[in-house]
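> The sequence and its predicted three-dimensional model are supplied below.
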Amino acid sequence: MDKIFKLKERGTDVKTEIIAGITTFMTMAYILVVNPLLLSPSGMDWGKVFSATAITSAIACAVMAFLANLPFALSAGMGLNAFFTYTVCLGMGHSWQFALTAIFVEGVIFLLLTLCNVREAIVNSIPENLKKAIGAGIGLFIAYIGLKNAGIVIGDPSNVSALSPSWHVGPALVCVIGLVITGILLAHKVKGAILIGIILTTIVGIFVPAGDGHVTTWGGGSWMPPAPYFCEFAFSEVSKNFFDFVIVMFTFLFVDMFDTVGTLIGCAGKSGLVREDGTIQNCKEALFADAVGTTVGAMLGTSTVTTFVESASGVSAGGRTGLTALTVAILFLVSLFLSPLFAAIPSAATSPALIIVGVLMVTPVKDIDFEDMTEAIPAFLTMIFMVCASSISDGIMFGILSYVVLKAFSGKMKQISAPTWVVFALFVAKIIVNALV
């Protein structure tokens with residue numbers, strides 16, 4: 001193991017890596033249920049999508065483990081699966097095969113861009129203070145997801161997030177109890193505190209009544225997984241709706257690219273895998289794993305695969321190598337045959353872990369230069385838009401746009417690198433395309 005994953009070199013061991021992998025998987029296992037739920041309204045079979053999600057995630061994580069040797073996990077990205085169903089299929093009236101075709105083409109383009117080092121150049125083009133802001137912003141975003149999943153924070157009639165009046169009962173109460181448990185474990189520096197917190201909170205969730213008076217149950221279902229789809233593409237439909245196809249494919253590509261970039265920067269910074277020059281170790285290989293996952297996912301029948309922000313939970317638990325990702329890959333394969341069990345893990349049990357991870361990830365904010373407004377404003381906008389717009393890519397977009405504009409009109413244009421100008425142009429192009437649609 002040490003020879004394959006360089007455990008001693010990165011100051012870790014097998015036990016720590018496995019615990020980190022289990023922790024990451026436990027915080028992202030919800031995708032096995034949520035992804036089929038989001039894609040099934042498009043006409044896709046729930047069971048087939050479940051199998052596709054598990055198999056694709058396992059393949060992508062294995063590539064990340066052996067090729068990149070990084071502790072990051074991948075699966076179907078949240079947000080783009082909703083875009084798949086509610087915009088492309090139900091909104092624009094296209095078939096789910098049409099959407100899968102767009103994702104497949106996007107994945108192939110990603111593979112080419114990665115092989116040509118274009119995506120790696122984009123990652124390395126992010127200014128240093130914005131990289132810190134991205135890490136902190138992802139931390140805030142993860143914590144916000146945890147609060148929402150548990151029902152502690154809800155949207156009020158004016159569409160502004162507010163404290164739920166039921167934050168002290170049901171699933172929200174389970175999350176609060178779990179937050180206390182996990183916090184105490186961390187305060188005492190208990191190894192595997194986040195994982196232990198998830199397990200103990202799950203047990204609490206069995207006995208605490210939910211808001212409707214029922215208790216959390218384990219659920220049921222067949223233990224034998226159905227076969228996933230295979231290459232269900234619709235190129236004939238693409239030829240009849242080529243402009244729509246380009247818009248859809250571009251949207252998948254753009255959001256996936258910058259979600260992955262943001263996650264890599266944030267998690268790598270927390271795991272100490274950033275070199276002195278600011279570049280990320282094995283970044284190209286990590287992006288390749290993402291591209292392979294997206295391409296394979298489209299072939300098997302699931303939406304765009306991306307590096308998960310929940311990887312931060314495993315990093316916080318000590319994950320430093322690909323053994324963490326390999327552990328996640330194995331657990332995804334095991335989950336194929338334990339679907340009723342994994343489906344029963346309440347979101348209230350993983351929410352405390354996400355909130356705690358937010359605390360651990362927000363620390364880089366203290367190193368941001370807030371004295372220089374051309375650095376402070378872009379950094380702040382990066383963080384605030386990630387949370388308020390519920391989008392990592394939107395946060396990066398507003399951070400880059402404001403960075404370039406402020407530097408350009410403050411006599412500091414020389415501080416803008418050529419790759420940063422390219423990324424700026426990409427975001428401007430995205431705005432123009434969205435305005436024309």
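That came through, no problem. The model shown is predicted, which means the values in this text are computed figures rather than measured ones. Numbering: from 1, shown residues only.
> For the stretch 201-350 of the chain, which segments count as helices?
According to DSSP state H, counting those that start in this stretch, the stretch 201-350 of the chain carries its helices in the segments 235-240, 242-271, 283-300, 311-316, 322-335, 339-343, 347-361.
> For Ala121, give me its contacts.
419, 422 (C-beta atoms under 8 Å, 6 or more residues apart in numbering). Yep, even glycine has a C-beta here, placed from its N, CA and C like the rest.
> Could you report the separation of it from Ala58?
29 Å (C-beta to C-beta, to the nearest Å).
> picking up where we left off before, just name the most buried of the helices of the stretch 201-350 of the chain.
Among these, the stretch with the highest mean neighbour count (mean count of other C-beta atoms under 10 Å) is helix 311-316, at a mean of 30.
> can you tell me the average pLDDT over that helix?
Regarding helix 311-316, the rounded mean pLDDT is 85.
> List the contacts of it.
Taking C-beta under 8 Å, 6+ apart as the rule, helix 311-316 contacts 20-21, 23-24, 26-28, 71-73, 138-139, 142, 194, 263, 266-267, 270-271, 319, 324, 328, 353-354, 356-357, 360-361.
> again, but for stretch 192-206
So stretch 192-206 is contacted by 19, 22-23, 26-27, 171, 174-175, 177-178, 181-182, 185-186, 190, 215-217, 313, 316-317, 345-346, 348-350, 352-353, 356-357 (C-beta under 8 Å, 6+ apart).
> 7 Å instead?
Here stretch 192-206 makes contact (C-beta atoms under 7 Å, 6 or more residues apart in numbering) with 19, 22-23, 26, 174, 177-178, 181-182, 185-186, 190, 215-216, 313, 316-317, 345-346, 348-350, 352-353, 356.
> Only the C-alpha atoms, please, for stretch 298-313, written as CSV.
Extracted in CSV, the C-alpha atoms of stretch 298-313 (Å, rounded to 0.1, in the frame of the first residue of the first chain):
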residue,chain,number,x,y,z
ALA,A,298,-23.3,9.2,-19.9
MET,A,299,-22.7,5.7,-21.3
LEU,A,300,-24.3,4.0,-18.3
GLY,A,301,-27.1,6.4,-17.8
THR,A,302,-26.4,9.2,-15.3
SER,A,303,-25.8,12.9,-15.3
THR,A,304,-22.5,14.7,-15.2
VAL,A,305,-19.9,13.3,-12.8
THR,A,306,-17.8,15.8,-10.8
THR,A,307,-15.4,15.9,-7.8
PHE,A,308,-17.6,16.1,-4.7
VAL,A,309,-17.3,19.0,-2.2
GLU,A,310,-18.0,16.3,0.5
SER,A,311,-14.4,15.0,-0.2
ALA,A,312,-13.5,17.7,2.3
SER,A,313,-14.9,15.5,5.1
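> how distant is that stretch from the center of its chain?
7 Å (C-alpha atoms, centre = their mean, to the nearest Å).
> Could you do stretch 378-396 as well?
Centre-to-centre, stretch 378-396 and its host chain are 14 Å apart (C-alpha atoms, centre = their mean).
> and what of stretch 193-211?
23 Å.
> Check which residues of it are buried.
193-202, 204-205, 208, 210 (16 or more other C-beta atoms under 10 Å).
> Turn these into CSV, including pLDDT and distance to Ser51.
Below are the buried residues of stretch 193-211 laid out as CSV (pLDDT from 0 to 100; distance: C-beta to C-beta, whole Å):
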residue, pLDDT, distance to Ser51
Ala193, 79, 33
Ile194, 79, 28
Leu195, 75, 26
Ile196, 84, 30
Gly197, 86, 30
Ile198, 83, 24
Ile199, 83, 26
Leu200, 90, 30
Thr201, 89, 28
Thr202, 85, 24
Val204, 88, 31
Gly205, 84, 26
Val208, 77, 32
Ala210, 53, 29
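> closest to Asp290 among the residues you listed?
Here the nearest of these to Asp290, counting by C-beta to C-beta, is Ile194; it sits at 24.2 Å.
> Give me the angle between the host helix or strand of that closest one and helix 347-361.
Here Ile194, judged by DSSP states H and E, is contained in helix 193-207. Helix 193-207 runs at 160 degrees relative to helix 347-361, counting by axes from the mean of the first three to the mean of the last three C-alpha atoms, to 10 degrees.
> Just the C-alpha atoms of helix 193-207, please, in CSV.
In CSV, the C-alpha atoms belonging to helix 193-207 read as follows (Å, rounded to 0.1, in the frame of the first residue of the first chain):
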residue,chain,number,x,y,z
ALA,A,193,-14.6,11.9,15.0
ILE,A,194,-16.6,12.9,12.0
LEU,A,195,-17.4,9.2,11.1
ILE,A,196,-18.2,8.3,14.7
GLY,A,197,-20.5,11.4,14.8
ILE,A,198,-22.4,10.2,11.7
ILE,A,199,-22.9,6.7,13.1
LEU,A,200,-24.0,8.0,16.5
THR,A,201,-26.3,10.5,14.9
THR,A,202,-27.9,7.8,12.7
ILE,A,203,-28.6,5.8,15.9
VAL,A,204,-30.2,8.9,17.5
GLY,A,205,-32.3,9.4,14.3
ILE,A,206,-33.9,6.0,14.8
PHE,A,207,-35.4,7.0,18.1
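> Need the contact partners of stretch 26-43.
Residues from elsewhere that reach stretch 26-43 (C-beta under 7 Å, 6+ apart): 46, 49-50, 53-54, 73, 75-76, 81-82, 84-85, 89-90, 96, 195, 198, 302-303, 308, 310, 313, 335, 342-343, 345, 347, 350, 353-354.
> my bad, stretch 65-74
Against stretch 65-74 from outside (C-beta under 7 Å, 6+ apart): 5-6, 20, 24, 28, 57, 60-61, 64, 267, 271, 273, 282, 285-286, 288-290, 293, 305-308, 311, 314-315, 319-326, 328-329.
> Let me see the confidence value for Trp46.
Predicted confidence (pLDDT) for Trp46: 85.
> One more: Leu426?
81.
> what about the nearest residue to it once chain neighbours are set aside, distance to Asp394?
In space, and not counting its chain neighbours, Leu426 is closest to Phe254: 7.5 Å by C-beta to C-beta, 6 or more residues apart in numbering. Phe254 sits 11 Å away from Asp394, going by C-beta to C-beta.
> cool, and Leu436?
Distance from Leu436 to Asp394, by C-beta to C-beta: 19 Å.
> For these two, work out which one has more neighbours and name it.
Shown here are Leu436 and Asp394; by other C-beta atoms under 10 Å, Asp394 has more neighbours (19 against 7).
> and the residue most central in space within the chain, what is it in contact with?
Nearest residue to the geometric centre of the chain (C-alpha atoms, centre = their mean): Phe308, 2.8 Å. By C-beta under 7 Å, 6+ apart, the contact set of Phe308 is 28, 73-75, 263.
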